[in-house]
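Engineer: A predicted structure for the sequence below; I have some questions about it.
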Amino acid sequence: MSVSYKYKKMKGKIHMRAVPVAAILASCFMLGVVLSGGCSSRGGWTASELDIISSVIPGTDSLGTSILRVLTIADPDDSLVLRTPCADFTPSMLQSPEFEALSSLMLATVQDPSEDGVGIAGPQVGISRRIVAVQRFDKPGEPFEVYPNIRISGVNLGKDPALLPGGVPDLNAAMEPGPEGCLSVPGRRGNVLRYRDIDIQYTLIPAMRDTTERIQGFTAVIFQHECDHLDGVLYIDKVIPGSLQERD
Ligand SMILES: [Zn+2]
């Protein structure tokens with residue numbers, strides 16, 4: 001997901017963080033050692049996934065950091081990947097050097113200073129696995145973090161939710177509109193209805209156990225946008241009619 005410069009400025013924070021170059025290089029070196037072992041796939045990774053993780057674009061952003069190519073809807077082949085539902089990682093994949101390399105590269109890619117990225121999902125870099133890198137605006141320092149095997153596991157409606165006839169909670173009433181953009185849909189933005197209070201479920205590393213966490217506010221919007229990607233859904237599928245426009 002991306003936000004405009006204006007929107008970030010409105011929030012009072014412009015983010016130009018140093019990227020952990022050493023960590024990326026170390027991970028890539030480890031990956032190179034692994035790949036040189038001659039296996040076309042290992043530990044559950046497909047040959048295609050290994051190719052992507054090892055085929056970083058060296059020094060392509062203004063900080064000279066290696067990043068992954070971001071797929072866009074402008075390319076028919078990219079679109080097929082963006083529309084493909086994702087699979088979970090196996091435990092052995094999560095504990096592999098390839099996962100470390102992928103995480104570091106996704107963190108670098110979403111923080112590419114030439115973009116306004118606040119979140120990115122596996123399919124956007126060609127990896128059809130349930131992984132997102134999200135900026136946690138709800139944490140001190142607003143760090144970017146990686147979440148594997150993630151899904152939205154619940155919606156919190158508050159103490160006095162709106163009710164439909166029959167006393168059923170009105171989920172739609174718990175949604176609010178807000179502006180969204182996407183690194184895979186360049187040059188456009190539009191308003192989307194999202195929940196502002198959700199639960200997420202993901203796998204904790206290195207503990208290797210699933211956990212749930214409550215997320216609120218703008219960070220909850222980012223998680224919903226990125227988790228949609230994992231189901232092959234783009235924000236333009238949900239945009240409020242008439243709100244889609246060119247980004248300034
Ligand atoms: Zn997106």
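Structural biologist: Sure thing, it's come through.
Engineer: the ion contacts on the protein?
Structural biologist: Residues of the chain lying close to the ion by C-beta under 5 Å from the ion are 1, 182. C-beta: built from backbone N, CA, C; applies to glycine.
Engineer: tell me which residue in the chain sits closest to the ion.
Structural biologist: Residue of the chain nearest the ion, by C-beta to the ion: Cys182 (3.2 Å).
Engineer: that residue reaches Tyr235, doesn't it?
Structural biologist: Yes. Assessed by C-beta atoms under 8 Å, Cys182 is found in contact with Tyr235 at 5.6 Å.
Engineer: what about the two, which has more around it?
Structural biologist: Cys182 (27 against 23; other C-beta atoms under 10 Å).
Engineer: ok, now which ones touch that one?
Structural biologist: Residues near Cys182 by C-beta atoms under 8 Å, 6 or more residues apart in numbering: 1-2, 188, 225, 234-236.
Engineer: keep only those of these that are in helices.
Structural biologist: Residues of the contacts of Cys182 located in helices (DSSP state H): His225.
Engineer: quick one: which of the contacts of Cys182 sit in strands?
Structural biologist: Taking DSSP state E, the ones among the contacts of Cys182 that sit in strands are Arg188.
Engineer: least confident pick among the contacts of Cys182?
Structural biologist: Minimum pLDDT across those is recorded for Ser2, with 86.
Engineer: is it true that that residue touches Pro186?
Structural biologist: No. Ser2 lies out of contact with Pro186 (C-beta under 8 Å); the separation is 9.0 Å.
Engineer: these two - which one has more neighbours?
Structural biologist: More neighbours surround Ser2 than the other of Ser2 and Pro186, with 22 against 14 (other C-beta under 10 Å).
Engineer: backbone dihedrals for the residue in the chain sticking out farthest from the centre, please?
Structural biologist: Most distant from the centre of the chain: Gly166, at 37.6 Å, with distances by C-alpha atoms, centre = their mean. In terms of degrees, to the nearest 10, the main-chain angles of Gly166 are phi 100, psi 0.
Engineer: what number of residues lie near Ala220?
Structural biologist: 23.
Engineer: doesn't Asp199 make contact with it?
Structural biologist: No. Ala220 is beyond contact range of Asp199, at 9.6 Å (criterion: C-beta under 8 Å).
Engineer: the residue of the chain closest to the ion and Ser114, how far apart?
Structural biologist: 15 Å (C-beta to C-beta, to the nearest Å).
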